[in-house]
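Enquirer: Pasting a predicted model and its sequence here:
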Amino acid sequence: MPLQRGQRVLVDTNVIIAAQDSGCLPQLLDGFRVCTVEEVIVETQRGRQRRRPERNIDEAWLRQRLELIGAVTDEQRIEFTLTHKSVGLDEGERDLLIWAAKIEDAWLLNSPDMAVLRFAHQVNWLDRLVSLDAMCRVLNARLAQNLPENFRDDWLVRKRTEF
C-alpha cells in the first residue's frame, strides 16, 4: 500500500518521541490519521523529569490530536502471549500489535524497532511498515534535526530485505 496523506498510521512510543524531537509531530498529526494505544501514551510520559522541556510531549494535547487511542484488555494480552513467541516487544509495542490485529480498516504501522519487524515478518505485515522519514517526505515536513538511522526509509528497506 503506497503511503499517502490522510492514511491511518499506527505509531509506537519511539515514533512519537522522535517526531517531537525533530519538530514534525504536529505536521504528522495534521497530515495522517495517527492512532496508537493507551500504553503508548503512558510511555510517552515516562522520564519527563529527565528530559529537556522542549522534548516533553503534553499528554492532553497528544490525546486530543490523535485520531484514535485503542484499548487492549488483559485477556487480549494473555492470548497474545500464549499465541505468539516472545519477540522482545515492550508493553506499548505489544499492545499496539494486539490492537492492530483487531482493526478491520486499512492501516500502516510505524515502529523502528527490530522486535516489531520480527513480529511483522511472522504475521506477514512487512508490507504494512512505513518509516517516519517516508511520512515526513509525503508531507514535505521540515525537520529541526535529522532523524536517527532507524527512523529513515533506507534502514526500513534494508531490514525488510533482510527478512
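Expert: Good, I have the coordinates.

Enquirer: From here on, just use CA atoms for contacts and neighbour counts.
Expert: Fine.

Enquirer: any low-confidence regions in this protein?
Expert: For the chain, applying pLDDT under 70 flags the ranges 1, 48-51, 53-54, 86.

Enquirer: how about the helices of it, start to end?
Expert: Taking DSSP state H, the helices of the chain run over residues 13-22, 25-31, 38-45, 59-65, 74-83, 91-102, 114-122, 132-139, 153-162.

Enquirer: chain center to the second one: distance?
Expert: The one in question is helix 25-31. Here the centre of helix 25-31 is set off from its chain's centre by 13 Å, with Cα atoms, centre = their mean, to the nearest Å.

Enquirer: distance of W107 from N56?
Expert: As judged by Cα to Cα, to the nearest Å, W107 and N56 stand 27 Å apart.

Enquirer: Can you check which of the helices of the chain gets nearest to N146?
Expert: Closest approach to N146 among the helices of the chain is made by helix 13-22 (6.9 Å; Cα to Cα).

Enquirer: Who are the packing partners of the closest one?
Expert: With contacts defined as 3 or more Cα pairs under 8 Å, 6 or more residues apart in numbering; DSSP states H and E, helix 13-22 has these neighbours: helix 25-31, helix 38-45.

Enquirer: who's in contact with the longest one?
Expert: By Cα atoms under 8 Å, 6 or more residues apart in numbering, the residues outside helix 38-45 that reach it are 12-13, 16-17, 56-57, 59, 63, 69-72, 91-93, 95-96.

Enquirer: out of these, which are buried?
Expert: Among these, those classed as buried by neighbour count (16 or more other Cα atoms under 10 Å) are 12-13, 16-17, 56-57, 69-70, 72, 92-93, 95-96.

Enquirer: will you turn the residues you listed into TSV that also has distance to T44?
Expert: Output for the buried ones among the contacts of helix 38-45, formatted as TSV (distance: Cα to Cα, whole Å):
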residue	distance to T44
D12	9
T13	6
I16	7
I17	7
N56	8
I57	7
I69	13
G70	15
V72	17
G92	10
E93	12
D95	14
L96	14
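
Enquirer: distance of the spatially most distant residue from the centre of the chain from A60?
Expert: Most distant from the centre of the chain: L82, at 23.6 Å, with distances by Cα atoms, centre = their mean. Summarising the geometry, the distance separating L82 from A60, computed by Cα to Cα, is 34 Å.

Enquirer: G92 now?
Expert: Using Cα to Cα, G92 is found at 18 Å from A60.
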